[in-house]
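# Sequence isn't available, so here's the structure alone:
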């Protein structure tokens, strides 16, 4: 019964977190409708962000079951608990003393995904959490460098800094809302300017977060006396170039955490040592050379790993200049990815029958498709063209380290293949509704992206079925892609001879064929 109530509490806290956003949206709508003073809007923004800041650590403690300051870490100075030696504890205490902050509470999570993170309000109540995965794959000096990086976040008051910065877009939006109906007034122009800056401020918040990461890296380099230890750690945990000890079984439980300061997926990969240098260079070159890497960095809280390594050591990546072929490939992939929307845009702006000003975008699109049924067929063709370009068929079996060597990976054009191995954990360990997985094939670990047409279906699968997959040998049929990190999009999971289908891709095909056929039939009637 205790576990049942704990599960209910975790779900309640999840809903409460979602409600913060709903409360802000509703309060903003009320303020706008009643024409209240802008000060009310700013007050609502401050209260919502303040509540998130105050309750955040408690929510994390509860949802992710972070056990802090386990007495087994301290009871016996000669005991190595989960690979955290007394020397590591001494390092944490001495570093904090040296930089003038209290020692944070130390948490250990039994999780094979290598990760480390901090959270809290101020240095006095900060938490520093390490997973068993990171303590297993890093040597002591590398682990110290990662810990120093996290202590840097605490020392620099990054919890508060990110809270203040995240408040800026909300205030800008309130300024826009309060002036949007004052046309002909100078305040209206100010509001329009605020709206433009509001759109840009989302990217500025992410850029600020990336700057804090560089700052924490620099802190670690100063503490360690060199950036080599953190570079080595990043190669292992961010790119997945770590080797496990012989005979050691991977461990991934359902406890871990990823927050807005530590949201990069950390992948653990083992492979023949001969591949190590080649894979490192390939992955770093993709970061620097591929335009998709730059696109994803702009939308990420973390810098590209290659840039962090270059900043730490001053080294460069050979053959990193973009060629005309690279640019052409990117533009073509972008075109194919947006093809259905490009067609709809052209259809709207070339239509002489109705305008968006008269009826709005939805009615305009429906009218265009109704009055010219062939547009339905053309839209279906565009959907199918995008689908077959992005998700080709293939039955070749790959090892994970083979896929990591592919420089032609992208987030649009998937590389079809099959992976065989054991599911050792959820994609976001510790998140009870996480529907994604982590697969170990003996040569490495790959993030498996499981998709369904509706988020509610993914949520139900994560809650009701995902735990049953842990520690099961499976076959994954899908496509290898590369975004801010490598991942494998799942079409089927075969377990014990039974097929678990991701209907997202079947429905995409079906939608394309239905539109194509419907347009032809309606035109002939």
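Happy to help now that I have it. Everything numeric here is computed off the predicted structure, so don't read it as measured data. Numbering: from 1, shown residues only.
# ok, the residue nearest to residue 381 when sequence neighbours are not counted - how many residues close by?
Distance criterion Cβ to Cβ, 6 or more residues apart in numbering; nearest residue to residue 381, sequence neighbours excluded, is residue 516 at 6.1 Å. For every residue, glycine as well, the C-beta is placed using N, CA and C. For residue 516, the number of neighbouring residues by other Cβ atoms under 10 Å comes to 19.
# Same question for residue 50.
Applying other Cβ under 10 Å, I find that residue 50 has 12 neighbouring residues.
# What of residue 88?
Burial measure for residue 88: 19 neighbouring residues, criterion other Cβ under 10 Å.
# which residues touch the nearest residue to it once chain neighbours are set aside?
The shortest distance from residue 88 to any residue that is not its chain neighbour, by Cβ to Cβ, 6+ apart, is 6.4 Å, and that residue is residue 143. When the contact criterion is Cβ atoms under 8 Å, 6 or more residues apart in numbering, the partners of residue 143 are 88, 130, 134-135, 233.
# Can you name the helix or strand that the nearest residue to residue 113 once chain neighbours are set aside falls in?
In this structure, residue 113 finds its nearest non-sequential neighbour in residue 133, 5.0 Å apart by Cβ to Cβ, 6+ apart. Taking DSSP states H and E as the criterion, the element that holds residue 133 is helix 132-137.
# could you give the mean pLDDT of that helix?
Looking at helix 132-137 alone, the average pLDDT works out to 78.
# now stretch 238-257
Stretch 238-257 carries an average pLDDT of 44.
# swap in stretch 307-325?
Mean pLDDT, computed over stretch 307-325, is 82.
# let's have the chain start at 273 instead
With the count now opening at 273, the last piece we talked about shows up as stretch 579-597.
# For it, buried residues please.
Burial within stretch 579-597, assessed by neighbour count using 16 or more other Cβ atoms under 10 Å, is assigned to 579-584, 589.
# contact partners of that stretch?
Where contact means Cβ under 8 Å, 6+ apart, the residues beyond stretch 579-597 that reach it are 485-486, 489-490, 493, 499-500, 502-503, 506-507, 553, 556-557, 559-561, 563, 569, 574-575, 578.
# Buried residues of the host helix or strand of residue 610, list them for me.
Residue 610 belongs to helix 596-622 when assigned by DSSP H and E. Along helix 596-622, these residues count as buried under the neighbour rule (16+ other Cβ under 10 Å): 601-602, 605, 608-609, 611-612, 615-616, 619-620.
# What of stretch 754-768?
By neighbour count with 16+ other Cβ under 10 Å, stretch 754-768 contains the buried residues 754-763, 765.
# chain center to it, what's the gap?
What separates the centre of stretch 754-768 from the centre of its chain is 15 Å, taken as Cα atoms, centre = their mean, to the nearest Å.
# what do you get for stretch 609-624?
In terms of Cα atoms, centre = their mean, the gap separating the centre of stretch 609-624 from the centre of its chain is 30 Å.
# what pLDDT, on average, does it get?
Throughout stretch 609-624, pLDDT has a mean value of 83.
# and what of stretch 430-444?
Averaged across stretch 430-444, pLDDT comes to 80.
# Any chance you could list what contacts stretch 368-377?
In this structure, residues lying in contact with stretch 368-377 by Cβ under 8 Å, 6+ apart are 340-341, 364-365, 390, 392, 395-400, 423, 426-427, 495.
# Let me see the mean pLDDT of it.
When the per-residue pLDDT values of stretch 368-377 are averaged, the result is 93.
# buried ones in it?
Within stretch 368-377, the residues that qualify as buried are 368, 371, 373, 375-377, counting by 16+ other Cβ under 10 Å.
# What of stretch 785-797?
Neighbour counts using 16+ other Cβ under 10 Å place 787-788, 790-791 of stretch 785-797 among the buried residues.
# contacting residues around it?
645-653, 655-656.
# Looking at those, spot the one nearest residue 728.
Checking the contacts of stretch 785-797 against residue 728 by Cβ to Cβ gives residue 655 as the nearest, at 22.8 Å.
# For that closest one, give its distance to residue 782.
The spacing between residue 655 and residue 782, counted by Cβ to Cβ, to the nearest Å, is 10 Å.
# For the two, indicate the residue with more neighbours.
residue 655 (22 against 12).
# Could you say which helix or strand holds residue 324?
Take DSSP H and E as the rule and residue 324 turns out to sit in helix 310-335.
# Now do the helices in the stretch 323-472 of the chain.
358-371, 404-409, 412-427, 430-451, 458-496 (DSSP state H, counting those that start in this stretch).
# Of the ones you listed, which is nearest residue 743?
Short answer: helix 404-409, nearest of the helices of the stretch 323-472 of the chain by Cβ to Cβ, at 15.6 Å.
# Distance from the chain centre to that closest one, please.
So, by Cα atoms, centre = their mean, the centroid of helix 404-409 is 21 Å from its chain's centroid.
# So residue 682 belongs to a strand, correct?
No: remark: residue 682 does not belong to a strand; assigned using DSSP: H, G, I helix; E, B strand; the rest coil, it is coil.
# List buried residues within the contacts of stretch 579-597.
In those, the ones that pass as buried (16+ other Cβ under 10 Å) are 485, 489-490, 493, 499, 502-503, 506-507, 556-557, 559-561, 563, 569, 574-575, 578.
# show me where pLDDT drops low in the protein?
Along the chain, segments meeting pLDDT under 70 span 273-314, 316, 336-338, 341-355, 384, 447-467, 512-551, 623-638, 640-642, 701-703.
# nearest spatial neighbour of residue 672, skipping sequence neighbours?
With Cβ to Cβ, 6+ apart as the measure, residue 716 is the residue that lies nearest to residue 672, at 3.6 Å, once sequence neighbours are left out.
# helices and strands around the helix or strand where residue 567 lies, which ones?
Here residue 567 is covered by helix 563-570, with elements defined by DSSP H and E. With contacts defined as 3 or more Cβ pairs under 8 Å, 6 or more residues apart in numbering; DSSP states H and E, the packing partners of helix 563-570 are helix 458-496, helix 596-622.
# Please identify which of those helices is closest to residue 744.
The closest approach between residue 744 and any of these, judged by Cβ to Cβ, belongs to helix 596-622 at 33.4 Å.
# now the closest one against helix 563-570, angle please.
With axes from the mean of the first three to the mean of the last three Cα atoms, to 10 degrees as the basis, helix 596-622 and helix 563-570 are set at 70 degrees to each other.
# With respect to residue 773, which of the buried residues of stretch 368-377 is nearest?
Among the buried residues of stretch 368-377, residue 377 lies closest to residue 773 (Cβ to Cβ), at 43.8 Å.
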